[in-house]
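# For reference, the sequence and a predicted model appear below.
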Amino acid sequence: MKPEWRKYLAARAPRYTSYPSALHFDSSVSREDYADRLSAVELYEPLSLYVHVPFCKKLCWYCGCNMRVENDYSRALRYVSALAKEISLVGGRLAGAGRPRSVHFGGGTPNYLLVDEIADILQAIELEFGLTDDARLAIELDPRLIRDDDINRLADLGFERMSLGVQDFDHEVQLAINRVQSFDMIESAVGEMRRAGVNDISFDLLYGLPKQTLGAFKESLEKTLALAPDRVAVFGYAHLPSALPRQRLIDSESLPGADLRVDLAELADEMLIAAGYRRIGFDHYAKPDNPLAVADREGRLRRNFQGFTDDLAVTTLGFGASAISSVNGLHVQNEKSLTGYYDDIAAGRLPVARGIELTATEIAIAGVIQDLLCKGSANIAPVLAAVAPGEAVEICARLDMLEADGLISWGGNIVLIEAEARPLSRCVAMALDPYEFPHKSKPSVSLARAI
């Protein structure tokens, strides 16, 4: 990576799984707004479904998810029952409209639930929405909780993609984040998946964790390559102990410095590319024949609340506490607390807590950011036309800075992210984001606040 790019790799930029992000949701959006949008969904409109399972057996200190450690399984059964009721509430509003193209189970830990409960949730979805054979089912798994025959049974239910939270294979790093899982455990899980016919296995890795070194992380990457997952997601750990109390259990003195974080990210990129993986967006890698890589080559890659995807559905319906939905320019998030979620479901109410209705300007920005992140290029004319003249000048000034550093080239209204700069595409997207750069009276701007 060019030396002048390292500052961008260290930037704290939004992940843009939505625009605007959930940080900008508020209580001005109501459950009635969501109900109205659901009622307007077209008969054969593709749907992407997300099911959030907030329970975990152990507390991973690095985790930023909405989760809770739960040792009483009866409480999970109550949650599954509430999920079925929420699915019914949403199905009632759709009145037969919409066709699921994918179902993704995330968390928390989806396989905290027994396979029987996962099957019950799928049955509730089948009853309300219908599930055709071409709907793709995906699930995130904690390898420490995989029980005998779980993989075979999940495969029999139709799960074609399984994702393992590996994070790092180094034992010292695992101790420092309270997530100890051996290489043999991961290897056994991968073997079971392959024998069950699962041909889309994904690993999640994290850089920036405590105790990480270049040498040890190189070994973790080598072990990853030895197991040959079909996809690898490489995320940067965000240490936010003031917002996430569990992260206070991590020794901040053991965290890699800014330079080492950049070196770790570069190492992962270099090793995965050298091993034949295709770089997808800014943090995913996939084997050339994987559906994600095919979608990228064919210009069909999209980004939604689950990350980069080959799912073309624009409408996302989220179920469970904290789940986010997006329907026709409206983003909504469910109640985060189980108490609030259960109260709404018991009263027959959609459990919406907050959200945002996109303005015409935000819709234009969202579309251009989607193109930048997924295609590496975009026509920014819709954004420049939608914002105030002074904001347009500021956006152009920021893009000029990025071009001067070689991240992008742009002529006319077409912005092209250089191929080797794709891991930095969030910084390019951020240049178009008024939330990150509130309008100033003068066109003199700087990206320094993001670096």
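Happy to help now that I have it.
# What is the helix or strand of the chain with the lowest mean pLDDT packed up against?
Sorted by mean pLDDT, DSSP states H and E, the helices and strands of the chain end with helix 6-9, the least confident at a mean of 85. For helix 6-9, the contact count by 3 or more CB pairs under 8 Å, 6 or more residues apart in numbering; DSSP states H and E identifies helix 258-274 as packing neighbours. In short, each C-beta sits where N, CA and C put it, glycine included.
# Contacts for the following helix or strand past the helix it packs on next, please.
Downstream of helix 258-274, the next assigned helix or strand under DSSP states H and E is strand 278-280. Residues from elsewhere that reach strand 278-280 (CB atoms under 8 Å, 6 or more residues apart in numbering): 269, 272-273, 285-288, 292-293, 296-297, 301, 308, 422-423.
# what's near enough to touch the spatially closest residue to Asn379 that is not a sequence neighbour?
Distances taken as CB to CB, 6 or more residues apart in numbering place Asn413 nearest to Asn379, at 5.2 Å, with adjacent residues excluded. Contacts for Asn413 (CB under 8 Å, 6+ apart) come out as 379-381, 384.
# okay, those residues in JSON lines with pLDDT and distance to Ser220 next?
Converted to JSON lines, these look like this (pLDDT from 0 to 100; distance: CB to CB, whole Å):
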{"residue": "Asn379", "pLDDT": "97", "distance to Ser220": "40"}
{"residue": "Ile380", "pLDDT": "97", "distance to Ser220": "38"}
{"residue": "Ala381", "pLDDT": "97", "distance to Ser220": "44"}
{"residue": "Leu384", "pLDDT": "96", "distance to Ser220": "43"}
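# Buried ones among those?
380, 384 (16 or more other CB atoms under 10 Å).
# So which bits of the top helix by length along the chain are buried?
Counting residues, the longest helix in the chain under DSSP state H turns out to be helix 73-94. By neighbour count with 16+ other CB under 10 Å, helix 73-94 contains the buried residues 76, 79-80, 82-87, 89-91, 93-94.
# now do stretch 261-275
Buried positions in stretch 261-275, judged by neighbour count with 16+ other CB under 10 Å: 261-269, 271-272.
# cool, and stretch 55-65?
Residues of stretch 55-65 classed as buried: 55-56, 60-63 (neighbour count, 16+ other CB under 10 Å).
# Keep only those of the residues you listed that are in strands.
If you go by DSSP state E, those have 55-56 in strands.
# Turn the buried residues of stretch 55-65 into JSON lines, including distance to Arg161 and pLDDT.
Listed next are the buried residues of stretch 55-65 as JSON lines, based on distance: CB to CB, whole Å; pLDDT from 0 to 100:
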{"residue": "Phe55", "distance to Arg161": "21", "pLDDT": "97"}
{"residue": "Cys56", "distance to Arg161": "21", "pLDDT": "96"}
{"residue": "Cys60", "distance to Arg161": "22", "pLDDT": "96"}
{"residue": "Trp61", "distance to Arg161": "27", "pLDDT": "96"}
{"residue": "Tyr62", "distance to Arg161": "24", "pLDDT": "95"}
{"residue": "Cys63", "distance to Arg161": "22", "pLDDT": "93"}
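# Done for today, thanks.
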